[in-house]
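Undergrad: Provided below are the primary sequence and the corresponding predicted coordinates.
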Amino acid sequence: MPSEAKKAPMAKHQYINGHYCYSYKAGILTDGLGVVRHIAFFDDDFRKEHPEVVSQKTDDPEKDKEIGDSSALKPVLSDFFRLHPTQRFSTFLGDAAFDSYDNYSMLKNEFGFARACIPLNLRNSKASSAEFNQFGNPICPVTKEQFTCVGKCGGQHRSICYKWVCPGSEQKENTRICTCKTPCTDSHYGKCV
């Protein structure tokens with residue numbers, strides 16, 4: 001199929017919500033009251049200015065996104081703050097498409113948001129990972145007890161991550177040992193998130 005509509009060249013061929021279609025795509029920023037502050041049309045000018053957001057066509061429709069929401073976040077915010085350098089906001093509120101460690105760091109470090117409120121995207125989680133409670137904290141899939149936070153972890157050039165361990169895991173000398181009667185993992189350490 002052609003990559004754009006014949007009668008409307010800005011309508012690009014895309015795979016959205018399980019269907020192929022031709023559509024215009026844009027990013028919209030609103031303030032806390034829902035008032036539109038910025039609209040970025042993902043047109044040819046946007047693609048030329050931000051070539052990093054354009055993915056190549058593949059044979060896999062699930063991976064073949066014209067311009068993904070998460071990849072467009074940084075260019076859209078950059079353009080907005082370039083046009084409005086005195087505007088500052090303390091909270092970023094987005095949908096689950098923005099749930100990635102890189103986005104949290106970028107929102108805080110590059111754009112100065114004090115917090116980001118983004119629902120967890122379950123597609124970013126492994127099938128074997130823990131379940132989560134209403135506060136986003138991991139819980140044991142067997143006992144439903146909240147995991148224990150043992151602090152920050154991560155390395156150089158990585159986002160800050162918080163390590164949560166099985167509530168039945170105990171510190172023994174230099175390691176942890178799971179003391180659960182019905183462990184949810186084969187690891188002697190216990191489940192980690």
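TA: Received the coordinates, thanks.

Undergrad: helices or strands up against the least confident helix or strand in the chain by mean pLDDT?
TA: In the chain, no helix or strand scores lower on mean pLDDT, DSSP states H and E than strand 12-16, which sits at a mean of 76. Counting contacts by 3 or more C-beta pairs under 8 Å, 6 or more residues apart in numbering; DSSP states H and E, strand 12-16 packs against strand 19-23. All C-beta atoms are positioned from the backbone trio N, CA, C, and that covers glycine.

Undergrad: got the contact list for the helix or strand just after the strand it packs on?
TA: Where DSSP states H and E defines the elements, the next helix or strand beyond strand 19-23 is strand 26-30. Residues outside strand 26-30 that contact it (C-beta atoms under 8 Å, 6 or more residues apart in numbering) are 36-42, 69, 72-73, 76-77, 80.

Undergrad: If you average the pLDDT over strand 26-30, what comes out?
TA: Strand 26-30 shows a mean pLDDT of 90.

Undergrad: list the buried ones in the very next helix or strand once past it?
TA: Moving toward the C-terminus from strand 26-30, the next helix or strand (DSSP H and E) is strand 36-41. Buried positions in strand 36-41, judged by neighbour count with 16 or more other C-beta atoms under 10 Å: His38, Ala40.

Undergrad: cool, and stretch 181-193?
TA: Neighbour-count burial for stretch 181-193, counted by 16+ other C-beta under 10 Å, picks out Pro183, Cys184, Gly190, Lys191, Cys192, Val193.

Undergrad: who does the lengthiest helix in the chain touch, helix- and strand-wise?
TA: As assigned by DSSP state H, the longest helix anywhere in the chain is helix 69-83. On a contact count with 3+ C-beta pairs under 8 Å, 6+ apart, helix 69-83 meets strand 26-30, strand 36-41, helix 44-49, helix 101-109.

Undergrad: angle of it against helix 101-109?
TA: Counting by axes from the mean of the first three to the mean of the last three C-alpha atoms, to 10 degrees, helix 69-83 lies at 20 degrees to helix 101-109.

Undergrad: Reformat the helices and strands packed on helix 69-83 into JSON lines and put distance to Ala116 next to each item.
TA: As requested, these are exported to JSON lines (distance: least, C-beta to C-beta, whole Å):
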{"stretch": "strand 26-30", "distance to Ala116": "14"}
{"stretch": "strand 36-41", "distance to Ala116": "17"}
{"stretch": "helix 44-49", "distance to Ala116": "23"}
{"stretch": "helix 101-109", "distance to Ala116": "5"}
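
Undergrad: Out of these, flag the one nearest Tyr162.
TA: Of all these, helix 101-109 sits nearest to Tyr162, with 10.8 Å by C-beta to C-beta.
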